[in-house]
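Quick one: sequence plus predicted model below, questions after.
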Amino acid sequence: MTGAMIARLPDGRMHLHHGPIDIIAQAWGDASAVAAGERRAAERFGSVLAELAAELPVLRSEGGQPTGAIGRVMAQATAAFAPRFITPMAAVAGAVADAVLAALSVPGVTRAYVNNGGDIALHLMPGESLTCAIAAQPGFPDRITVRAEDAVRGIATSGWRGRSWSLGIADSVTVLGRTAAMADAAATMIANALDLPGHPGISRRPAVDMQADSDLGTRQVTVGVTGLTGDDITRALAAGEAMAQTLRTHGRIEAAALFLHAEMRTLGPIALKEPALV
């Protein structure tokens, strides 16, 4: 576990930090089970970064076939979107959240979540639910409740303003999926599709200029969005919605919320509500 930081926040939540990975996790249930799950989660987390670093070139290559446990989940999640361009790295945050959650969710833990920088993996036993915040634009409702009977076990967000580079112009796209890894990959693809190619108000730069080892290579990533008219926003959102609907039709997502400037579109069973206490 060399280099990994395992801490307890004042409110009792776990804080797991190692290099670029920053996780907040929490579990409920039998006290001894929760304690055992937290120990397992901390142990699993300690090996994550080394596991990923060992095969980064493969994870950053289109169609890469990694051998590590998390890498295989990443590759499986992203393969569903071929032949469109995508690498296993599009699912890395969600796959890490899934892996840590699997360690945390021992028998006796009734509900739990692992939030890896906004990509969230959920564990819900029958009768349980969790209310989560999403990255909505200011002024929009930003809470969603996921129940045990729902198919959703992962929530992920992508967009040009986020931690990773995007080929599109979405301020944010939040996806609800069956796993965090699948939601992560799908959010990337929908955010890429929400675009206005050739629009003069959109600034782009080669990904390698922003990050030398980016898996996007010389592809143009969005660095600025200005001057959009109402019609522009409608057209861009329609392109993102079309991608999201296709993915939902093929069972790759459960629901999605798309945000661009002062507009929002949702599809699927996603009922956003104002901030509220769980």
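Perfect, thanks for sending it.

Show me what the helix or strand where residue 45 lies is packed up against.
Secondary-structure element containing residue 45, defined by DSSP states H and E: helix 31-53. Applying 3 or more C-beta pairs under 8 Å, 6 or more residues apart in numbering; DSSP states H and E, we find helix 31-53 packed against strand 5-8, strand 14-18, strand 21-29, helix 69-79, helix 92-104, strand 109-116. From N, CA and C alone the C-beta is placed, and that goes for glycine too.

Reformat these as TSV; add mean neighbour count and mean pLDDT.
Output for the helices and strands packed on helix 31-53, formatted as TSV (neighbours: other C-beta atoms under 10 Å; pLDDT from 0 to 100):
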stretch	mean neighbour count	mean pLDDT
strand 5-8	12	95
strand 14-18	18	97
strand 21-29	20	98
helix 69-79	22	97
helix 92-104	27	98
strand 109-116	23	98
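
Show me the residue sitting in the middle of this protein in space.
residue 156 (2.7 Å; C-alpha atoms, centre = their mean).

picking up where we left off before, could you point out which element follows the helix holding residue 45?
Heading C-terminal from helix 31-53 (DSSP H and E), you reach helix 56-59.

May I see the buried residues of that following helix?
58, 59 (16 or more other C-beta atoms under 10 Å).

Need the contact partners of it.
52, 64, 65, 66, 71, 74, 87, 88, 89, 92, 213, 215 (C-beta atoms under 8 Å, 6 or more residues apart in numbering).

Now the nearest residue to residue 60 once chain neighbours are set aside: phi and psi?
Nearest residue to residue 60 in three dimensions, chain neighbours excluded: residue 215, at 3.8 Å (C-beta to C-beta, 6 or more residues apart in numbering). Recorded main-chain torsions at residue 215 are phi -70, psi -10, according to degrees, to the nearest 10.

what's near enough to touch residue 215?
59, 60, 61, 87, 89, 207.

tell me the contacts of the closest residue to the last one other than its chain neighbours?
Taking C-beta to C-beta, 6+ apart, and ignoring the residues beside it in sequence, residue 207 has residue 216 as its nearest neighbour in space, at 3.5 Å. Residues touching residue 216, when contacts are defined by C-beta under 8 Å, 6+ apart, comprise 165, 167, 207, 208.
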